[in-house]
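S.K.: any chance you could fold what I've pasted below:
(4 chains)
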Number of protein chains: 2
Amino acid sequence: MSQSHSRRPRGRPSVGIREAILDATYRLVLERGLTGLTTKEIAAAADASEASIYYHFADKTALIEGVILDAVLEPLRAFAAIFPAETEGRSLRHALTSYARKLTAFWERVLPLLAAVQADAELRDEFASRITELGYGPHRGVRAVADYLTEQQRLGHVRKDVDARQAALSFAGACFLSAYQRHMFGPRRKLPPLDRTLETLVRLIEPSGAEARR
Amino acid sequence: MSQSHSRRPRGRPSVGIREAILDATYRLVLERGLTGLTTKEIAAAADASEASIYYHFADKTALIEGVILDAVLEPLRAFAAIFPAETEGRSLRHALTSYARKLTAFWERVLPLLAAVQADAELRDEFASRITELGYGPHRGVRAVADYLTEQQRLGHVRKDVDARQAALSFAGACFLSAYQRHMFGPRRKLPPLDRTLETLVRLIEPSGAEARR
DNA sequence: GTCTATATTGGGATAGAC
DNA sequence: GTCTATCCCAATATAGAC
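M.R.: All right, here's what the predicted structure looks like:
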C-alpha cells in the first residue's frame, strides 16, 4: 500500500513518515524475515530516507524490537480477553468452533513474528521475560478454554470423566498445529480440516447417553 | 562436546576442522539464533580460521543452509519411519504415549532450527520446496497416527464413531503445542503435563461399555 | 522533520605463506 | 588444509543543508 511511486508527489504529508517506517518494517519482517533486513530496504519500502529512520528511532535495534514486540504483544493482549465474550449463550460446539477460528487466525498472524523473535538472541530473551511478567503465553489460551469446559461440565454439557485442562490442551493444540502448518507451507490442505477435528472433539467430550448419569 | 579448551592442545588432528565448523555453526544457530551470526564467530567457536570456512564451503550461505537443512531433514527422515515399529504388540495407551514422547522430543529438537529457517526468506523457500518434494511435513506424523488409529478401530480398540484423522490431529497438536511452549519459554510447567493429556484422549477414544456395540 | 551526502565500522571473502 | 593478513564492500549511523 502506498508504494508504486518512488517519490511522493509534492505536498507530502509532513507527518506520517514515522508511521510509514513502522509499517514498512512490519511488512518486511513478515515477508522477508528478519535475517539480512537492512535499513536501506526499510527506508525504500517506507519511501523515506535512512536518515529519517535515525531521526525517529535511536538505532536499528530499537526500531526492530519495538515493531516486533508491539506486533506480538498487542494482539496477545487483545486476544487474552475475548474468549468469555465469545461463549455467551452459545452451544458448546458453536462456542468452541468460533473460538477456534479466532485462535487459529491469531496464531497465523503472530507465528511469523515469533519466528523472527526466536531467531534473534536478544529479542528472544527480551520477549520471554516480557511475556512471563505479563502472564501471557500459550497456557493463557489453554486455561481460558479449560475454564469454559469446566463450567460446561458443571452444567452437564461435558462428560464428567473428562479432564477439562487436558481436553483444552488437545483443542488448542489442534488449532496451533493447523496454524503452524499453514504458516510454514501455505494454505495447502494436507491436514484434516480444523472444523471437523473440532467437531470430533466436541462429540467425544459431550455426554453420550450412557455417560450422562455418571 | 569438545569445547572447554579455547585452543586445541598441540598435536591437533589435521582432519576434523570441517566437522568442527559444521558443529559450531549448528550450536551457534541453536544458542544465538541466525540473526547476526558471523563467520568470525563461527570460526572462533570452531577454533579455526575464517579462511578454513571458505576452504570447505563455497560461502556463508552454503554453510548455513547445509547445516540447517541437514539438521532438520535428517531427523525428519529418521522420524518418519519409526512409528510403526513403536506400536508392535503394545496397548493403545502405551503405543500412543511412547510415540508422543518421541514426537515431542523431535519437535523440541527441530523447532529452534525451524525458527531460523522461517526468519530467512531464502532458507524458507528452499526448505518449503524440499519438504514438499520429499513429502514430509506435519501431515506425515498426523497420518501415521491416523493410520494406526484406523487399524485399532478395526480391531475394536477405538470407538467406531471417532474420525481417526481428526483424533490424530488433536493428538499431534497437543504434542506440538507442548513442545513449542517449552521451546519458547523453557521447561516451565504452565501447561498441563502431556502424559495426562494423552491419557485423557485415550480414554475418550476408547470404547466405553455403551459404545462398544455400535 | 526530512533530505543528500558522507563517515565509519565490521563482516564476507581472498591471497599467499607454510 | 590451515593459517595470518588484508581487501572490499555493504550496512549502520551521522553531518549538515533545507
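S.K.: near DNA strand D, anything from stretch A:28-38?
M.R.: Yes - using CB under 7 Å from any atom of the strand, stretch A:28-38 reaches DNA strand D at A:36, A:37, A:38. Every C-beta, even on glycine, is put in place using the N, C-alpha and C of the backbone.
S.K.: by neighbour count, which of those residues wins?
M.R.: residue A:37 (21 neighbours; other CB atoms under 10 Å in any protein chain shown).
S.K.: tell me, how many residues neighbour residue A:117?
M.R.: Burial of residue A:117 is recorded as 29 neighbouring residues (other CB under 10 Å).
S.K.: residues in contact with it?
M.R.: By CB atoms under 8 Å, 6 or more residues apart in numbering or on different chains, the contact list for residue A:117 reads A:68, A:72, A:123, A:124, A:127.
S.K.: helix or strand: which one has it?
M.R.: Assigned by DSSP states H and E, residue A:117 belongs to helix A:92-118.
S.K.: now the helix or strand just after that helix: buried residues?
M.R.: Per DSSP H and E, the first helix or strand lying C-terminal to helix A:92-118 is helix A:121-134. Residues of helix A:121-134 classed as buried by neighbour count (16 or more other CB atoms under 10 Å in any protein chain shown): A:121, A:123, A:124, A:127, A:128, A:131.
S.K.: so which of these comes closest to residue B:165?
M.R.: Of all these, residue A:131 has the smallest distance to residue B:165: 33.0 Å, by CB to CB.
S.K.: what stretches of chain A score poorly on pLDDT?
M.R.: A:1-15, A:209-214 (pLDDT under 70).
S.K.: hmm, back to that, identify the farthest-apart pair in the buried residues of helix A:121-134.
M.R.: Using CB to CB, the two most remote members of the buried residues of helix A:121-134 are A:121 and A:131, lying 16.0 Å apart.
S.K.: domain ranges for chain A?
M.R.: Chain A is divided into the following domains under automatic domain parsing: A:1-58, A:68-212.
S.K.: any idea which of these is most buried?
M.R.: domain A:68-212 (a mean of 18; mean count of other CB atoms under 10 Å in any protein chain shown).
S.K.: ok so, going back, tabulate the residues of stretch A:28-38 next to DNA strand D in a markdown table, adding columns for secondary structure and distance to chain B.
M.R.: Listed next are these as a markdown table, based on DSSP: H, G, I helix; E, B strand; the rest coil; distance: CB to the nearest CB, whole Å:
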| residue | secondary structure | distance to chain B |
| --- | --- | --- |
| A:36 | coil | 7 |
| A:37 | coil | 9 |
| A:38 | coil | 12 |
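S.K.: now, which of those residues sits nearest residue B:55?
M.R.: Nearest to residue B:55 out of these is residue A:36 (CB to CB; 24.1 Å).
S.K.: hmm, the closest one is touching residue B:123, no?
M.R.: No - Residue A:36 is beyond contact range of residue B:123, at 10.4 Å (criterion: CB atoms under 8 Å).
S.K.: that older thread, got the contacts of residue A:117 as TSV, with distance to DNA strand C columns?
M.R.: Listed next are these as TSV, based on distance: CB to the nearest atom of the strand, whole Å:
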residue	distance to DNA strand C
A:68	21
A:72	25
A:123	17
A:124	19
A:127	22
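S.K.: residue A:115 and residue B:182, how far apart?
M.R.: The gap separating residue A:115 from residue B:182 is 16 Å, by CB to CB, to the nearest Å.
S.K.: then residue A:204?
M.R.: Distance of residue A:204 to residue B:182, computed by CB to CB: 26 Å.
S.K.: how about the contacts made by residue A:192?
M.R.: Residues counted as contacts of residue A:192 (CB under 8 Å, 6+ apart) are B:142, B:163, B:165, B:166, B:168, B:169.
S.K.: now with 7 Å?
M.R.: Counting by CB atoms under 7 Å, 6 or more residues apart in numbering or on different chains, residue A:192 makes contact with B:165, B:166, B:169.
S.K.: repeat for residue A:156
M.R.: Counting by CB under 7 Å, 6+ apart, residue A:156 touches residue A:207.
S.K.: quick one: what helix or strand has it in it?
M.R.: When elements are defined using DSSP H and E, residue A:156 is found to belong to no helix and no strand.
S.K.: for it, grab phi and psi.
M.R.: phi 90, psi 10 (degrees, to the nearest 10).
S.K.: report the separation between it and residue B:133.
M.R.: Separation of residue A:156 from residue B:133 (CB to CB): 51 Å.
S.K.: before we move on, what about residue A:154?
M.R.: 51 Å.
S.K.: what do you get for residue A:97?
M.R.: Distance from residue A:97 to residue B:133, counting by CB to CB: 34 Å.
S.K.: mind listing the helices for chain A?
M.R.: Counting by DSSP state H, chain A has helices at residues A:17-32, A:39-46, A:50-56, A:60-87, A:92-118, A:121-134, A:138-154, A:164-185, A:194-205.
S.K.: so which of those is nearest residue B:79?
M.R.: Ranking the helices of chain A by proximity to residue B:79 (CB to CB) places helix A:164-185 first, at 15.6 Å.
S.K.: next, the angle from that closest one to helix B:92-118.
M.R.: With axes from the mean of the first three to the mean of the last three CA atoms, to 10 degrees applied, the angle from helix A:164-185 to helix B:92-118 works out at 40 degrees.
S.K.: who does helix A:164-185 touch, helix- and strand-wise?
M.R.: Contacts defined by 3 or more CB pairs under 7 Å, 6 or more residues apart in numbering or on different chains; DSSP states H and E place helix A:164-185 against helix A:92-118, helix A:138-154, helix A:194-205, helix B:121-134, helix B:164-185, helix B:194-205.
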